[in-house]
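Chemist: What follows is a predicted protein model with its sequence.
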Amino acid sequence: MNCTGQWNVRQCVHRLRLVYNAGSKRDDTAKGAFVEDFRTLGTEARLARLETAARRALAAYGLSDAGLTPINLENNAVFQVTVGDERYALRIHRPGHKPLAWIQAELTWLTALWQNTPLGVPQPVAASDGAWVVSVTMPGVDVPLYGVLFRWMAGETRRPDTITLAETEAAGAFLARLHNFAQTYSPPPGFMRPRLDWDGLFGANSVYEPGAGAALFTPTQQTVFAAVVERVQATMLELGESRETFGLIHADFLVKNMLFQAGRVCALDFDECGWGYYLYDLTPALWQLKDEPRYAELRAAYLQGYTRIRSLPEGYPVRLETLLAARHLASIRWIAGNKDNPVIRGRAPGIIAARTDMLRHFLDTGELVE
């Protein structure tokens, strides 16, 4: 889920006009069949088909008659499910985007967090047969769609321009506590999540592999990207993969994936979680905050909250800036890989060019943000 609105309908209902980009970054056959079908449909037709899939998924939970409200169709499809006074969030995964084993592992980790920590994270709900993940079909699609159900999380979300310094500090402390648990966590056999090291971010099998979208990159841009990857690789090799530096991370702890409950911080959307560097896990929020006039203060508050709970590695400022550039480059690859999304279509070359300029600034100065 790329939108925190599954827990806040008002802030995300406008996203219903966004296209549900259901293409696979790994399965070109599934991607071609599925995305071509959706390119021919209007928003209402897309939504009707997704609601059909959602209804089929709810039947597996004994919730066939539940109220169903679409919240976010930008990446995975997310619906609010209402049964009397009870509410849930239903996520229908993009077909072919993530293997079943990855989804099951995400839910395994969330369950461990629920059982062993006071951290506020999404709580998975098992289907009637005890399965954490249900498989459904949708008209016009010849690959399964995976569905998962979570208990609803009440609270308030923020934007980069509305989050306070105190909230930012609290978010940093939350992430540090998450990392403290991850450092001691031993997953069960068969646990499978992607690696988000330099190869996992930028290699041929990366979750950010742009596929045909790589044709958007000019030779000059590719040279810039290669220089950034070289620095990222060197930094990650310096950090090593000890239990203190490398483990399970959220990997998408953006401001929009923070939920605030009367002073308590919760994390939404663990869909991108994986094995990575704890220092890298600080970069999604910093990347989203980088354009704010208050960036220096917000950055300081975020790191202050984190270091109040957990120490950062020696020499972290330079390394953190390099990993921030890694996150920035990953965003460029994501844009290229989603170039056919109508929200991005036609704008992708300009976005890529502007973001590449920031990477040039990083290579010249060692800082992504001026």
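Modeler: Received it, and whenever you're ready, just let me know what you need.

Chemist: Now the strand or helix carrying residue 284: average pLDDT?
Modeler: Assignment of secondary structure by DSSP states H and E places residue 284 within helix 283-289. Averaged over helix 283-289, pLDDT sits at 97.

Chemist: shaky segments in the stretch 101-250 of the chain?
Modeler: 140-141 (pLDDT under 70).

Chemist: next one: the stretch 251-370 of the chain
Modeler: The low-confidence ranges in the stretch 251-370 of the chain, as defined by pLDDT under 70, are 341-343.

Chemist: Okay, strands next: where are they in the stretch 51-200 of the chain?
Modeler: 67-72, 77-83, 86-92, 124-125, 134-136, 145-151 (DSSP state E, counting those that start in this stretch).

Chemist: Give me the sheet partners of the fourth one and which way each runs.
Modeler: Sheet pairing of strand 124-125 (DSSP bridges) gives strand 145-151 (antiparallel).

Chemist: got the buried residues for the strand it pairs with?
Modeler: By neighbour count with 16 or more other C-beta atoms under 10 Å, strand 145-151 contains the buried residues 145-150. Quick note: C-beta positions are derived from backbone N, CA and C, even for glycine.

Chemist: now those residues as a markdown table including distance to residue 59?
Modeler: Formatted as a markdown table, the buried residues of strand 145-151 follow (distance: C-beta to C-beta, whole Å):
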| residue | distance to residue 59 |
| --- | --- |
| 145 | 14 |
| 146 | 15 |
| 147 | 10 |
| 148 | 15 |
| 149 | 12 |
| 150 | 17 |
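
Chemist: which among those residues gets closest to residue 63?
Modeler: residue 149 (8.1 Å; C-beta to C-beta).

Chemist: What's the separation between the residue nearest to that closest one when sequence neighbours are not counted and residue 255?
Modeler: What sits nearest to residue 149 in space, not counting adjacent residues and going by C-beta to C-beta, 6 or more residues apart in numbering, is residue 125, at 4.3 Å. Counting by C-beta to C-beta, to the nearest Å, the separation of residue 125 from residue 255 is 26 Å.

Chemist: quick one: pLDDT of residue 4?
Modeler: The model's pLDDT for residue 4 equals 31.

Chemist: ditto for residue 77
Modeler: 87.

Chemist: Same check on the one 10 residues further on?
Modeler: In the predicted model, residue 87 carries a pLDDT score of 96.

Chemist: Burial check on the closest residue to it other than its chain neighbours, number of neighbours?
Modeler: Closest residue to residue 87 apart from its sequence neighbours, by C-beta to C-beta, 6+ apart: residue 152 at 3.7 Å. For residue 152, the count of nearby residues is 16 (other C-beta atoms under 10 Å).

Chemist: Next up, the contacts around residue 152.
Modeler: 7, 80, 86-89 (C-beta atoms under 8 Å, 6 or more residues apart in numbering).

Chemist: Pull the most distant pair out of the residues you listed.
Modeler: 7 and 86 (14.3 Å).

Chemist: between these two, which one's more packed in?
Modeler: residue 7 (26 against 11).

Chemist: Dump the next helix-or-strand element following the helix holding residue 284 to CSV, keeping only the CA atoms.
Modeler: With elements assigned by DSSP H and E, the helix or strand that comes after helix 283-289 is helix 295-309. Below are the C-alpha coordinates for helix 295-309, written out as CSV (Å, rounded to 0.1, in the frame of the first residue of the first chain):
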residue,chain,number,x,y,z
TYR,A,295,14.4,20.2,6.5
ALA,A,296,17.4,20.8,8.7
GLU,A,297,15.3,21.0,11.8
LEU,A,298,13.1,18.0,10.9
ARG,A,299,16.2,16.0,10.1
ALA,A,300,17.8,16.9,13.4
ALA,A,301,14.6,16.0,15.3
TYR,A,302,14.3,12.7,13.5
LEU,A,303,17.9,11.7,14.3
GLN,A,304,17.6,12.9,17.9
GLY,A,305,14.6,10.7,18.4
TYR,A,306,16.4,7.7,16.9
THR,A,307,19.6,8.2,18.9
ARG,A,308,17.7,8.6,22.1
ILE,A,309,16.9,4.9,21.8
